[in-house]
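*Asks:* let's see this in three dimensions:
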Amino acid sequence: MTTTASSAAAPVADARALGLAHHAARGVLEHVLARHGVTFQQQIALRAAVTADTPQTSDDLVAQVRGSLKADPDDIRATLDELLAKRLLLADGAHLRPTDAGRELIAAVGAETAPVSARIWGEIPAQDLAAAGRVLALVTERANAELAALTA
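*Replies:* As a prediction, this is how the structure comes out:
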């Protein structure tokens with residue numbers, strides 16, 4: 001007899017469950033990104049530039065990506081250099097701006113992942129999503145505080 005997540009006893013949310021969900025979803029995204037020749041970190045950095053309300057400096061983008069991925073600043077700067085080399089970002093004085101190709105890439109990835117995301121997230125009750133959102137926000141806040149204490 002095969003059981004599904006909906007028919008099995010509800011699992012307790014913990015670090016392992018969070019990690020498994022993250023890696024499963026990231027695996028889907030990385031599959032799409034590979035078809036476009038970009039990495040996960042490149043996509044995160046490019047998305048930060050594309051969605052910014054104002055032009056960003058490289059330091060701004062490093063800070064945003066570091067806040068999201070907790071990645072090494074030197075690795076993030078190398079990622080920005082890769083995006084510049086791929087002509088997905090353009091240096092404009094002190095600012096890095098997304099090129100049309102960079103904007104098109106983010107739009108294409110979004111269009112390709114939207115139906116998959118709908119299948120993954122669809123039919124989850126709104127109250128479950130709200131509860132999960134509250135728990136994840138609290139876990140993020142606490143983990144960020146612990147990381148800050150470890151690196152202070």
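
*Asks:* for the rest of this, base every contact and every neighbour count on C-alpha atoms.
*Replies:* OK.

*Asks:* ok, and the closest non-adjacent residue to the one residue sitting closest to the centre of the chain?
*Replies:* In the chain, the C-alpha nearest the mean C-alpha coordinate belongs to Ile44, at 5.5 Å (CA atoms, centre = their mean). Setting aside the residues directly before and after it, Ile44 is nearest to Val65 in space (CA to CA, 6 or more residues apart in numbering), at 6.7 Å.

*Asks:* please apply the same query to Leu83.
*Replies:* In space, and not counting its chain neighbours, Leu83 is closest to Leu89: 5.5 Å by CA to CA, 6+ apart.

*Asks:* distance check, the one you found against Glu82.
*Replies:* Plainly put, Leu89 is 9 Å away from Glu82 if you go by CA to CA, to the nearest Å.

*Asks:* more neighbours: which of those two?
*Replies:* Taking other CA atoms under 10 Å, Leu89 and Glu82 do not tie; Leu89 has more neighbours (25 against 15).
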